[in-house]
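*Asks:* Would you be able to build a 3D model of this:
(4 chains)
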Protein chains: 2
Amino acid sequence: MTDLRRNKSSAGDELANRIFFRLYQAANTMHRTGTKALDSVGITTQQWSVLGALSRPQVADGMSVGDLCRFLMVSRQNLNGVLERLGRQGCIAITADPGDRRSKRVRLTAKGDETWTRLRPLIYAYYDKALKGFSFDERVSVLHHLNRLLDNMNMLDDAGPDDAS
Amino acid sequence: MTDLRRNKSSAGDELANRIFFRLYQAANTMHRTGTKALDSVGITTQQWSVLGALSRPQVADGMSVGDLCRFLMVSRQNLNGVLERLGRQGCIAITADPGDRRSKRVRLTAKGDETWTRLRPLIYAYYDKALKGFSFDERVSVLHHLNRLLDNMNMLDDAGPDDAS
DNA sequence: CGATATAGGTCAATATATTGACATGATCCG
DNA sequence: CGGATCATGTCAATATATTGACCTATATCG
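*Replies:* Numbering: from 1, shown residues only, chains lettered A, B, ... in the order given. Next up, the predicted model:
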């Protein structure tokens, strides 16, 4: 009994270890291969996330940098860097928020819209390849698991990624 | 029919988009919360991966930096940086490879062993919390999906992460 | 109303991760 | 055997991601 329990705990630990190691590798590989898939446009995966977030119809007029930060679950400092580089490429415009003097708003420019349009076929081709062999149900399952994992981890995040002070 | 196909394709694209966005967020959150879980020891998640890899019995005598690089699926340059910082902390020792004058070997020091021992209970506690509510079968499923996703993406990697020249 | 607490972006420092380039060493092949 | 090709670690540059600190603005509460 004790032996059985010991074996199960050890197998469970190894399984958990593998899950997180694979998550680490998968994310790095996603960034590497995803960015390469967009080489012709010169946009990184992280910038793609920002452009994707800003291309949603519900934020057609833009959104606050703080809200974008919380949406992406990254620190304010990191987002600021990504936004700067996107601004350099003319894809976004940042303006003062008229309702809150501390805050900035960010929106896609016409150049950003055009870039997003060029990206989409490349992105979807990438998705097709990376998710090759996954049925619809399996994709739903993957998403469900990732959501739950993320929820659990977010509960370990006392104040979230943007509370860096 | 066309409408149906359009709707399915659009739903499929949105699903894929969500999967990769969640992967991005989950990885960042894992690094953030995982590193915080090890604050008392002062080891990052990436360093933990290296220490974990070097603590395996099959590499008790060390392994080549190149092999470690391929195992972790990171670039040689990145691994070099991580190894330097671990070396600074006294956790690893790097020696010339007697059989190949281009190559280096890396192994855990006694300090590294001790650090790994201190880390393990913290790591497993972290796993328990992050995987709370996941049954054994679900964990197996998560791992299986991540493995397949990683395999697919690795096929898009022409030569792997360490062929950076 | 005023003191206190919180929010938002910016600056600085450090760690991670990539690509490109390079010099040296090893392997391959005619 | 020697030239061509490939492998290995290192250096440089850039992008991403975090924590800590700071100043200004806003919200909260007695």
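
*Asks:* Please make it C-alpha for all contacts and neighbour counts, starting now.
*Replies:* Fine.

*Asks:* for the lengthiest helix in chain A, which positions count as buried?
*Replies:* Longest helix in chain A, counting residues (DSSP state H): helix A:2-37. By neighbour count on 16 or more other Cα atoms under 10 Å in any protein chain shown, the buried set for helix A:2-37 is A:12-13, A:15-37.

*Asks:* what do you get for stretch A:117-131?
*Replies:* Buried residues in stretch A:117-131, counted by 16+ other Cα under 10 Å: A:Leu119, A:Leu122, A:Ile123, A:Tyr124, A:Tyr126, A:Tyr127, A:Ala130, A:Leu131.

*Asks:* out of those, who's nearest DNA strand D?
*Replies:* DNA strand D has its nearest neighbour among those in A:Leu119, at 14.7 Å by Cα to the nearest atom of the strand.

*Asks:* give me every residue that touches the closest one.
*Replies:* Shown in contact with A:Leu119 (Cα atoms under 8 Å, 6 or more residues apart in numbering or on different chains): A:Leu38, A:Val41.

*Asks:* Which of the helices or strands spans it?
*Replies:* helix A:110-130 (DSSP states H and E).

*Asks:* Quick one: name whatever helix or strand follows that helix.
*Replies:* Scanning forward in sequence from helix A:110-130 by DSSP H and E, the next helix or strand is helix A:136-156.

*Asks:* close to DNA strand D, is that next one?
*Replies:* No. Using Cα under 7 Å from any atom of the strand, helix A:136-156 never reaches DNA strand D; the gap is at least 10.8 Å.

*Asks:* quick one: is the worst-scoring helix or strand of chain A on mean pLDDT near chain B?
*Replies:* Each helix and strand of chain A was given a mean pLDDT (mean pLDDT, DSSP states H and E); the minimum falls on helix A:2-37 at a mean of 82. Yes. Helix A:2-37 lies within reach of chain B by Cα under 8 Å from any Cα of the partner chain, at A:12-13, A:15-19, A:21-30, A:32-33.

*Asks:* near DNA strand C, anything from that helix?
*Replies:* Yes. If you take Cα under 7 Å from any atom of the strand as the test, helix A:2-37 does meet DNA strand C, through A:Tyr24, A:Asn28, A:Thr29, A:His31, A:Arg32, A:Lys36.

*Asks:* and if you look at stretch A:88-101?
*Replies:* No. Figure legend: stretch A:88-101 not in contact with DNA strand C (Cα under 7 Å from any atom of the strand); closest approach 7.5 Å.

*Asks:* contacts for that stretch?
*Replies:* A:64, A:83, A:86-87, A:103-113, A:115.

*Asks:* which pair in the residues you listed spans the largest distance?
*Replies:* The span of the contacts of stretch A:88-101, defined through Cα to Cα, is set by A:Ser103 and A:Thr115 at 26.0 Å.

*Asks:* which one of these two has more residues nearby?
*Replies:* Higher neighbour count among A:Ser103 and A:Thr115: A:Thr115, with 20 against 13, using other Cα atoms under 10 Å in any protein chain shown.

*Asks:* ok, back up a step: chain center to the least confident helix or strand of chain A: distance?
*Replies:* Centroid separation between helix A:2-37 and its chain, computed with Cα atoms, centre = their mean, to the nearest Å, is 20 Å.

*Asks:* report the angle between the axes of it and helix A:110-130?
*Replies:* Here helix A:2-37 runs at an angle of 130 degrees relative to helix A:110-130 (axes from the mean of the first three to the mean of the last three Cα atoms, to 10 degrees).

*Asks:* quick one, helix A:2-37 and helix A:136-156 angle?
*Replies:* 100 degrees.
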